[in-house]
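Q: With the sequence up front, the predicted model follows.
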Amino acid sequence: MMDGKRDRWGYEVNTSSDPCISSINSYYHQVLSYGRERSVILEASAHDPHCVLANILAAHFLSSSQPSLAPSHLNAAKSRLDHATSYEKAVFDAVNYLISPNRDDDVAFELHFKLLKDFPKDMASLKRAQVLCFYMGRPDLSLQLVQQVLPMNEQEDYIYGMVAFPLLELGRMADAEKAAKKGYDIKKDDPWVQHAMCHVFQYECHFKEAVEFMEECSKSWSPLSSFMNTHNWWHVALCYLEGNAPIEKVRDVYDHCIWKELERSDAVAAEVYLNALGLLLRVYLRGEINIFGDRLKILAGYITDQAFWYLEWHLDLLILWALGCTGEYAKAEDLLEGLKSSISRMSKKKQQSMQRGILLGEALYSYGKGDYTEALELLGPDFEANNCKIVGASDEQLDVFNEVWYIMLLNTGQVTKATEAIKKQLKKREGAPFLWRLLERGYSMLGRKEDTIEAGEKATALETAYFK
């Protein structure tokens, strides 16, 4: 071994600095726990400016938070590569390619696959690779990675949340629940495990149980990143909304748990806006946006700022809807043009996969403006939101776009197609009252009196079943 130390995973790192290794290990913890202090990795490179591992991890952190500062750390890592351990070189190769311009996602995945084959206890690299898979829309690859390293990490904190999430995205709810429960038994304050448990409750329409579980867990959320904190509260608000709790309950979560995050000095506004917009779109769909007063207008005022554009495809899609909905047409069209321009600079392979994303963006803008016919033409006759995972959204986050599609079908008179699509979704989530209300509306438009009454009765029963 070189003159060095071992990190949390037991792998060799060429540094003689104890504070450097300590900061690297703190960074691992922050990554796995969705902490808000991931900048601790910059302390590692400050303690040892020659440490390859510290510098390449710092470059990765900065590549998304402050891209202009990343190259100096990347160059520092490159300059000392001859002195790096085999583990550090493997991490360098994977991360260096991951943050390179116009990367091929498949190559980035393969480099992480090889890294984890050789160094299976490196759960921070597993997390990084799973995030890559998420943005590739490939939960199958994410599951493959975690299953590959699971035998070496069976009793580790955080591993079972990483097992559960791709299972959720593959529709394997029973397996996901089993993994999440195992993770919860190991570490009850793992926010990713809590999140997975909530997904299961929500999918099965156990809205009250989901809210009770998450509100109990919320005592451990203060140290979480802006995204994870507000995303978990987004789930709580959505359960209240889907379970037909008083709309004021949903508004209270928005005000006191999502929007309130912006009062914290280290809040990341874009992460808050993503969850705020995702909730407001659902409220809007249900015809309840007036209860929220001018909150959508206020939020739209912030997201006209281009500093919040092009950070996340999913966020851009929601911004397009909100700008269309609040009459900010020129800004929305600027954003759309920018997205099209960014796609034109991608590889041909990536361009093809992102076409669905741009069509969905155009459709949401049209929907926001109230042009349902144009929006439907853009989505096409066989739209399925789960085919749009490439925009970086979970099934639960994408589901609202199916609801948009159902409503637009009803609003443009394509009622038979709408009712068939809604019935198909009800086979998966029979306990969702909003879907029954949409079906009731469809049957009424078709003049199917008995079916209308039956769907209405079902909706009424469910609307009082969860939050009495």
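A: Cool, the structure landed.
Q: Can you give the contact residues for the host helix or strand of Ile56?
A: According to DSSP states H and E, Ile56 maps onto helix 52-65. By Cβ atoms under 8 Å, 6 or more residues apart in numbering, the surrounding residues in contact with helix 52-65 are 7, 13-15, 20, 23-24, 27, 38-39, 41-42, 44-45, 47-49, 69-71, 73-74, 76-77, 80-81, 83-84, 87-89, 91-92, 95-96, 98-99, 128. C-beta coordinates here come from the backbone N, C-alpha and C atoms, glycine included.
Q: what does stretch 277-291 give?
A: For stretch 277-291, contacts defined as Cβ under 8 Å, 6+ apart pick out 234, 237-238, 241, 247-248, 250-251, 254, 258, 292, 295-296, 299, 303, 315, 318-319, 321-322, 325, 397, 400, 403-404, 407, 434.
Q: As a check, name the ranges of all helices in the stretch 151-300 of the chain.
A: Using DSSP state H, counting those that start in this stretch, the helices of the stretch 151-300 of the chain run over 159-169, 173-186, 191-203, 207-217, 226-242, 247-253, 269-285, 295-303.
Q: Mind checking the pLDDT average for whatever helix or strand comes next after the last one?
A: This points to helix 295-303. Scanning forward in sequence from helix 295-303 by DSSP H and E, the next helix or strand is helix 313-325. Mean per-residue pLDDT for helix 313-325: 98.
Q: before we move on, the earlier item: could you dump the helices of the stretch 151-300 of the chain to CSV with mean neighbour count?
A: Listed next are the helices of the stretch 151-300 of the chain as CSV, based on neighbours: other Cβ atoms under 10 Å:
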stretch, mean neighbour count
helix 159-169, 26
helix 173-186, 18
helix 191-203, 24
helix 207-217, 19
helix 226-242, 24
helix 247-253, 18
helix 269-285, 23
helix 295-303, 18
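Q: and those as a markdown table, adding distance to Glu110 and mean pLDDT?
A: As requested, the helices of the stretch 151-300 of the chain are exported to a markdown table (distance: least, Cβ to Cβ, whole Å; pLDDT from 0 to 100):
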| stretch | distance to Glu110 | mean pLDDT |
| --- | --- | --- |
| helix 159-169 | 18 | 98 |
| helix 173-186 | 25 | 98 |
| helix 191-203 | 25 | 97 |
| helix 207-217 | 36 | 98 |
| helix 226-242 | 27 | 98 |
| helix 247-253 | 41 | 98 |
| helix 269-285 | 29 | 98 |
| helix 295-303 | 36 | 98 |
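Q: Can you show me the CA trace of the helix holding Ile56 as PDB?
A: Below are the C-alpha coordinates for helix 52-65, written out as PDB (Å, rounded to 0.1, in the frame of the first residue of the first chain):
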ATOM      1  CA  VAL A  52      -7.100  12.300  -6.400                       C
ATOM      2  CA  LEU A  53     -10.200  10.900  -4.800                       C
ATOM      3  CA  ALA A  54     -11.000  14.100  -2.900                       C
ATOM      4  CA  ASN A  55     -10.600  16.200  -6.100                       C
ATOM      5  CA  ILE A  56     -12.600  14.000  -8.400                       C
ATOM      6  CA  LEU A  57     -15.500  13.800  -6.000                       C
ATOM      7  CA  ALA A  58     -15.300  17.600  -5.500                       C
ATOM      8  CA  ALA A  59     -15.300  18.000  -9.300                       C
ATOM      9  CA  HIS A  60     -18.500  15.900  -9.400                       C
ATOM     10  CA  PHE A  61     -20.200  17.800  -6.700                       C
ATOM     11  CA  LEU A  62     -19.300  21.200  -8.300                       C
ATOM     12  CA  SER A  63     -20.300  20.000 -11.800                       C
ATOM     13  CA  SER A  64     -24.000  20.500 -10.900                       C
ATOM     14  CA  SER A  65     -23.700  23.200  -8.200                       C
END
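Q: For Gly392, find the nearest of the helices of the stretch 151-300 of the chain.
A: Proximity to Gly392 (Cβ to Cβ) singles out helix 269-285 among those, at 9.9 Å.
Q: so where's this protein shaky on pLDDT?
A: Within the chain, the segments meeting pLDDT under 70 span 1-3.
Q: cutoff 50 now
A: Along the chain, the model assigns pLDDT under 50 to residues 1.
Q: Grab the most central residue of it for me.
A: Among the residues of the chain, the one closest to the centroid is Ala393, at 4.8 Å (Cα atoms, centre = their mean).
Q: ok, now how distant is the closest residue to that residue other than its chain neighbours from Ala180?
A: Leaving aside its sequence neighbours, Ala393 sits nearest to His314 (Cβ to Cβ, 6 or more residues apart in numbering; 4.5 Å). Remark: distance between His314 and Ala180 (Cβ to Cβ, to the nearest Å) = 23 Å.
Q: which one's the longest helix in the protein?
A: Criterion DSSP state H: the longest helix present in the chain is helix 348-369.
Q: Tell me how far that helix lies from the chain's centre.
A: Here helix 348-369 is found 18 Å from its chain centre; the criterion is Cα atoms, centre = their mean, to the nearest Å.
Q: Next: stretch 457-468.
A: Here stretch 457-468 is found 30 Å from its chain centre; the criterion is Cα atoms, centre = their mean.
Q: what's the answer for stretch 344-364, then?
A: In terms of Cα atoms, centre = their mean, the centre of stretch 344-364 is set 19 Å apart from its chain centre.
Q: in it, what's buried?
A: For stretch 344-364, the neighbour count (16 or more other Cβ atoms under 10 Å) marks 353-354, 356-364 as buried.
Q: So which of these is the closest to Glu377?
A: After measuring these against Glu377 - Cβ to Cβ - the closest member comes out as Ala363, at 8.4 Å.
Q: So the closest one versus Ser344, what's the distance?
A: When distance is defined by Cβ to Cβ, Ala363 is 20 Å away from Ser344.
Q: now swap in Glu154 and tell me
A: When distance is defined by Cβ to Cβ, Glu154 is 46 Å away from Ser344.
Q: mind listing what Ser444 touches?
A: Ser444 neighbours (Cβ under 8 Å, 6+ apart): Thr452.
Q: Can you say which helix or strand has it in it?
A: Element membership for Ser444 (DSSP H and E) is helix 433-446.
Q: Flag every buried residue along the following helix or strand past that helix.
A: Next helix or strand after helix 433-446 toward the C-terminus (DSSP H and E): helix 449-463. Using 16+ other Cβ under 10 Å as the test for burial, helix 449-463 gives 451-452, 455-456, 458-459, 462-463.
Q: Dump these to CSV, plus distance to Ala54.
A: Shown next, in CSV, are the buried residues of helix 449-463 (distance: Cβ to Cβ, whole Å):
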residue, distance to Ala54
Asp451, 64
Thr452, 65
Ala455, 60
Gly456, 62
Lys458, 58
Ala459, 57
Leu462, 54
Glu463, 55
